[in-house]
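Participant: give me a model of this one.
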Amino acid sequence: MAPVVGVTANLHKKLRSGFLLCLVSVMVFYIEAGTRRYSNAPAFNLERVKRNPGQEKSEERESIGRLRRKHFDGEYDSRVRERNQLYAEYLQMVARLENNSTKSKRLPNVIGVGAEKCGSGALRWMLLKHPMMLSSKPAEMHYFGRWKSKRTIEDYLMHMPMAAPYELIFEKTPSYFTLDAAASSIRETIPNAKILLVLCDPVNRTFSDYVQEKIIKKIVIEESFENLTRHLMDMFSVVLKKRGHDPDATLDYIQKMFRRYRPSHILTTGLYFYHFQKWLKVFGLSNIHVVDGEELISNPGLVMEKVQDFLQIPRLVIQEDFVKGSNGFYCYDGPKIRKNNSETTLVQLKKPECLKHSSKGRTRMGNWHYKPSEDAVNELRRFYEPQNEKLFALLGREFNWTKHAH
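Facilitator: Have a look, this model is predicted:
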């Protein structure tokens, strides 16, 4: 296991309270430990929650139950043992110093900017399993989009939680990714913001977006998915040939087309390379973490470990905390903090917590009345492939999106 992520010199400069400095000392201990293992240390004593066998059902429940019993019997592997040891240190430090910390409302540290229909809602749900992460309410503020000209910064701040100095506040609005001025507006308002961006297979994303728009009727789409995408691809293929070498000109055309014909975003949101340019110019790659939306589905624990490293917070949510649910998506089955009066304990969940929303996985799991035709999928894949290659070269990494095709 990689050592718990370090606290950089830049982060130390931002520390303003003795509370946070003391908390960071715990993290530094684990950094200095490097690859130190806790094979001889006793497992952290998770408080046991009695299971009700009558509520257990299906093979899924049985497999999850076996996994939980294995954990309760103390048969932790070194990764789980090490995480629990860190969690124990974290809780002890918080208990000692919480009386000296002052909570206040402040602007978010972390902004989730999209892309739409790629899993930013699932990422938020997983992030909130970490005790240092808090979220705005509602989750999607749209402040740097439609709100900006109509609301004050005080209005925005009002929707933020009360947070201690060491806690991070997360706000996510997926439409930010494609909006003209969202990146520069966020940078101006929150100069030190960290950006989380979830990108997924653009072919899957396009169909999911089409279904979403048909359901919520935010825009009227008379055409079938096949006819709409074919029409848009014919139009944008010409533009990409003429302007594709100039990202600014291409992005300008995309924005103008959206204002004239709103359904065009169903296709153009997936032209990630062009949209990403403005975020890269404003924030730089070191302040942006790109999550592979397909990996978020197939291995959420690994994604969460990478995100925690990026945010420079201890790895308290790890791969072993996730088990697959009956809908094909992973559920959280790790520890959870429970506060009872002045006592804070770490408990094991009675049963896994799964993301529940009628729209989640609607197209991924085939829970829609039809699937796009194979011809339409292949046409979209050919359309997006050269644009994906540009994105991969820009990021210095590749996503195996064709592996997760419909």
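Participant: once you drop chain neighbours, what's closest to residue 164?
Facilitator: Nearest non-adjacent residue to residue 164, counting by Cβ to Cβ, 6 or more residues apart in numbering: residue 101, 4.6 Å away. Every C-beta, even on glycine, is put in place using the N, C-alpha and C of the backbone.
Participant: next, find the distance separating the one you found from residue 165.
Facilitator: Between residue 101 and residue 165 the computed distance is 6 Å (Cβ to Cβ, to the nearest Å).
Participant: again with residue 283
Facilitator: Distance from residue 283 to residue 165, by Cβ to Cβ: 23 Å.
Participant: and if you look at residue 349?
Facilitator: Taking Cβ to Cβ, one finds residue 349 at 29 Å from residue 165.
Participant: then residue 229?
Facilitator: 48 Å.
Participant: remind me which helix or strand residue 266 belongs to.
Facilitator: Remark: residue 266 resides in helix 265-268, with elements defined by DSSP states H and E.
Participant: what's the end-to-end length of stretch 155-167?
Facilitator: In stretch 155-167, first residue to last residue: 21 Å (Cα to Cα, to the nearest Å).
Participant: my error: substitute stretch 258-271 in the last question.
Facilitator: Termini of stretch 258-271 sit 13 Å apart (Cα to Cα).
Participant: and that stretch, what's buried?
Facilitator: Buried residues in stretch 258-271, counted by 16 or more other Cβ atoms under 10 Å: 258, 263, 264, 265, 266, 267, 268, 269, 270, 271.
Participant: and stretch 340-353, by the same measure?
Facilitator: Neighbour-count burial for stretch 340-353 [16+ other Cβ under 10 Å]: 346, 348, 349, 351, 352.
Participant: now it - C-alpha only, CSV.
Facilitator: Extracted C-alpha coordinates of stretch 340-353, given in CSV (Å, rounded to 0.1, in the frame of the first residue of the first chain):
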residue,chain,number,x,y,z
ASN,A,340,-23.8,10.2,21.0
ASN,A,341,-23.8,13.3,23.2
SER,A,342,-20.1,13.9,24.0
GLU,A,343,-19.0,10.4,22.9
THR,A,344,-17.7,9.7,19.4
THR,A,345,-17.3,6.1,18.2
LEU,A,346,-16.5,4.4,15.0
VAL,A,347,-19.1,1.8,14.1
GLN,A,348,-19.4,-0.8,11.4
LEU,A,349,-22.6,-0.3,9.3
LYS,A,350,-25.5,-2.6,10.0
LYS,A,351,-25.8,-3.1,6.2
PRO,A,352,-24.1,-1.5,3.3
GLU,A,353,-25.2,1.9,2.2
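Participant: can you tell me the closest non-neighbouring residue to residue 402?
Facilitator: Per Cβ to Cβ, 6+ apart, closest to residue 402 is residue 381, 7.0 Å.
Participant: please identify the helix or strand for the one you found.
Facilitator: Per DSSP H and E: helix 374-395 holds residue 381.
Participant: list the helices and strands that helix packs on?
Facilitator: If you count contacts as 3 or more Cβ pairs under 8 Å, 6 or more residues apart in numbering; DSSP states H and E, helix 374-395 packs onto helix 202-216, helix 225-243, helix 272-283.
Participant: in the chain, which residue is closest to the centre?
Facilitator: Nearest to the mean C-alpha position of the chain, counting by Cα atoms, centre = their mean, stands residue 123 at 2.8 Å.
Participant: excluding chain neighbours, what is closest to residue 333?
Facilitator: residue 352 is the one closest to residue 333 (Cβ to Cβ, 6+ apart), at 4.2 Å.
Participant: could you count how many residues lie near the residue nearest to residue 164?
Facilitator: 19 (other Cβ atoms under 10 Å).
Participant: quick check, it in contact with residue 163.
Facilitator: No: look at residue 101 against residue 163 with Cβ atoms under 8 Å: they stay out of range, at 9.8 Å.
Participant: what sits in contact with each of these two?
Facilitator: Shared contacts of residue 101 and residue 163 (Cβ atoms under 8 Å, 6 or more residues apart in numbering): none.
Participant: report the contact partners of the closest residue to residue 303 other than its chain neighbours.
Facilitator: Among residues not flanking residue 303 along the chain, residue 296 sits closest, at 5.0 Å (Cβ to Cβ, 6+ apart). Residues in contact with residue 296 (Cβ under 8 Å, 6+ apart) are 119, 122, 123, 198, 200, 303.
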